[in-house]
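J.: quick one: sequence and predicted model below, then my questions.
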Amino acid sequence: TDKSFEEKLKAALGKLPIFLKPQSKTDKNAHFAIQHYAGVVSYNVTGWLEKNKDPVNDSVVEIFKSTSSNSLLVHLWRDHAGQPTTAPKQEEKQKKKKGGGGKTVSSVYLVQLSQLMNTLHSTEPHFIRCIVPNTHKQPGGVEPPLIMHQLTCNGVLEGIRICMRGFPNRILYPDFKQRYTILSKGKCDLKTEDKKAAGIILDSTPNFPPEKYRLGNTKVFFRAGALAALEEERDDIVTALIRYVQGQIYAKQGKARYQKKSNQRNMIMVVQRQFRKYIKNRNWGWFVIIRKTKPLIGLRNPEEELRLLEEKAKEAYGAYEEQLNTKKMLEEENTIAAEEIAQLKAKLNDEQGDLSSYMERQAKLSAQKADLEVQLRENEEKLAEEERMKALAEDDRKGGDREIASIKRDYQDLVVKNEKLQAEKAKRDQILRGLNDEVLHQDEQISKLNKEKKYISETVGKASDELTAAEDKVHHLNEVKIKLEQTLDQMDGSLEKEKRTKYNIEKERRKLEGDLKMCQELVLDFERGKRELEQSIMRKDTELNGLMGKLDDEQGGVGRVQRSIKELQARVEEMEEELEAERQSRAKAERQRAELSREYDELTDRLDESCVATA
């Protein structure tokens, strides 16, 4: 009973720390409570045994009792009524609907589970967890104990703990090798075998012990947070390489700027040296002669050039005159031929009509016809392709519908055959039992007759007439017995035939069950592929979080670079101010130099004049 079940529970589990007294506020009649990881749950045992029993079908019990060769199994079910063995009446035209057993916890659970799976397969579910931040409905208010209690009861913290103990992150070997080969310090490359390369990379990574990862057949498994450590190591190496490349680029650009400035400085020195030489020697006589005669070196004689040009002009003019005469003659011949052609065209137009316009229209129509034919062929090809694809899709759909319909019909036929065979078997079993009873009755009668025959043989002299009648009766009973034995043999043959038919039906049923299992395995494969896709999405989310962290770091670096740019701009402004002051001082020095050069020129002129006067 429910009470004895409660007493057994308390006797067996009463000393355990998780077995508590009832603490339910909704059910005041609870009998005990159990401490789960999410909280205390109270239970009521009223009707517990009735709801949790799993009854056995009557037809199954009848099969156990009638067909099993195990005597123990038959003995265990000897008190069970089993399926009724009486044949249904022939007058009844309507079949009674088979009544199911009472609902149990397991049957209700199976029904609800099938409904849930059908709903999940027909929809795209999304999981959202809502948490109450406080009990006062206050915006912005947070109660940490309340939130932690909800997370504990919802199983979030337990899920996180389980996740931390396992290997939630996983990456395929090719993806892992392609992304983290840089961590191997040159010990492997993209040509190395995937699993071997993964082991070398993980062994070469500093501060990454083996308990943080496991190598599988096709993937590398990581504990929670281990993949982030690998990303940090990779980011450090990539950052160092980028800084090295930037340093090399900056060095090359700096050397180019230095070489340019050095060349400019050397050229300025050359220009200054040449200008000083010019100022020093510009009034020297020989320098003046060289400066004025140097442009004339290598010049041709103009008179000779003029004579040659005149000769070329005369030759060209003679050829030009000859070409003019030839052109004039050809133009006269062309005029005559044009007049003849015009006359012929006029005559042709008068006789045949405007053939040129007709030819133009015909050419345009031919071109349009060719374009339309090309478009028509293309459209026909597209239409034929679409019709072919449509026919293939329709054939595939019809084939699938026909297969499903045939399988359903075969299953229904098998169910109907099975029910008919079960009914016929019950009838045959009933007839067979009746015949067996009759045979036993006849055997008893035969034994009685044998006794009477012995008695009559002892008293043959007294009852010869009765002996003759008894022998006739015995002969008749023997004939009846032979007929009954023949009928029994026929019934045995029909029973064997029914058994073979049942065996064939069972074979077909097992085949259908095998097909069903294969379909279920395909469904499991699809679900496994879906889980792998979800894992790849989680991996992409992890990478996205890492990239977001890198973006934050880069934004911080951009802020630092902007501050350095502002400082450099301030320094550039200071340098520009200094450059402006230097330019002003240089302009002032240039003006002073110009005045001094002018005074020097004046003194030089005066000195020349004084030299001439003294000469």
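T.: Cool, the structure landed.
J.: any idea of the mean pLDDT for whichever strand or helix holds Leu579?
T.: For Leu579, the element it lies in under DSSP states H and E is helix 464-614. Averaging pLDDT along helix 464-614 gives 82.
J.: cool, and stretch 130-144?
T.: The model assigns stretch 130-144 a mean pLDDT of 87.
J.: so which bits of it are buried?
T.: Under the neighbour-count criterion of 16 or more other CB atoms under 10 Å, stretch 130-144 has Pro133 buried. For glycine as for every other residue, the C-beta is placed from the backbone atoms N, C-alpha and C.
J.: quick revisit: could you say what helices and strands the helix holding Leu579 packs with?
T.: strand 169-172, helix 226-281, helix 355-458 (3 or more CB pairs under 8 Å, 6 or more residues apart in numbering; DSSP states H and E).
J.: and the angle for that helix with helix 355-458?
T.: Interaxial angle, helix 464-614 versus helix 355-458 (axes from the mean of the first three to the mean of the last three CA atoms, to 10 degrees): 150 degrees.
J.: and helix 464-614, how far from the chain's centre?
T.: The chain centre lies 7 Å from the centre of helix 464-614; the measure is CA atoms, centre = their mean, to the nearest Å.
J.: related to what we said a few turns ago, single out the most deeply packed of the helices and strands packed on helix 464-614.
T.: strand 169-172 (a mean of 20; mean count of other CB atoms under 10 Å).
J.: so what are the sheet partners of it and their directions?
T.: Sheet partners assigned to strand 169-172 using DSSP bridges are listed as strand 219-222 (antiparallel).
J.: quick one: contacts of the strand it pairs with?
T.: 167-173, 176, 198, 202, 212-215, 230 (CB atoms under 8 Å, 6 or more residues apart in numbering).
J.: select, out of the helices and strands packed on helix 464-614, the one closest to Ala11.
T.: helix 355-458 (46.3 Å; CB to CB).
J.: helices or strands up against the closest one?
T.: Judged by 3+ CB pairs under 8 Å, 6+ apart, helix 355-458 is in contact with helix 464-614.
J.: okay, the angle between the helix it packs on and helix 226-281?
T.: 20 degrees.
J.: can we start the residue count at 23 from this point?
T.: Sure, I'll start counting at 23 from here, so that last one is helix 486-636.
J.: my read: Lys495 touches Lys470, true?
T.: No - with contact defined as CB atoms under 8 Å, Lys495 does not reach Lys470; the gap is 10.9 Å.
J.: so Gln57: helix, strand or coil?
T.: strand (DSSP: H, G, I helix; E, B strand; the rest coil).
J.: quick one: terminal-to-terminal distance for stretch 40-56?
T.: End-to-end distance of stretch 40-56: 5 Å, with CA to CA, to the nearest Å as the criterion.
J.: list the buried residues for that stretch?
T.: Buried, per 16+ other CB under 10 Å, within stretch 40-56: Pro44, Ala52, His53, Phe54, Ala55.
J.: got the contact list for the last one?
T.: The reference is to Ala55. So Ala55 contacts Phe41, Leu42, Lys43, Pro44, Gln45, Ser46, Val62, Val63, Ser64, Tyr65 (CB under 8 Å, 6+ apart).
J.: pull the helix or strand with minimum mean pLDDT from this protein.
T.: Counting by mean pLDDT, DSSP states H and E, the chain has its least confident helix or strand at helix 377-480, which shows a mean of 74.
J.: give me the distance from that helix to the chain's centre.
T.: Per CA atoms, centre = their mean, the centroid offset for helix 377-480 relative to its chain is 37 Å.
J.: now, the buried residues of stretch 40-56 that are in strands?
T.: In this view, the buried residues of stretch 40-56 that belong to strands under DSSP state E are Phe54, Ala55.
J.: make CSV out of the buried residues of stretch 40-56 and add distance to Gln591.
T.: Output for the buried residues of stretch 40-56, formatted as CSV (distance: CB to CB, whole Å):
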residue, distance to Gln591
Pro44, 77
Ala52, 77
His53, 81
Phe54, 78
Ala55, 73
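J.: just give me the least confident of the buried residues of stretch 40-56.
T.: Lowest pLDDT within the buried residues of stretch 40-56 is found at Pro44 (84).
J.: ok, that residue - contacts?
T.: Ala52, His53, Phe54, Ala55, Ser64, Tyr65.
J.: could you dump the residues you listed into TSV with distance to Asp24 added?
T.: Shown next, in TSV, are the contacts of Pro44 (distance: CB to CB, whole Å):
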residue	distance to Asp24
Ala52	13
His53	9
Phe54	12
Ala55	17
Ser64	16
Tyr65	11
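J.: ok so, going back, which pair in the buried residues of stretch 40-56 spans the largest distance?
T.: Farthest apart among the buried residues of stretch 40-56 - using CB to CB - are His53 and Ala55, which lie 8.8 Å from each other.
J.: how about the helices in the stretch 73-222 of the chain?
T.: For the stretch 73-222 of the chain, the helices defined by DSSP state H, counting those that start in this stretch cover 80-89, 93-98, 127-144, 166-176, 178-187, 195-202, 216-226.
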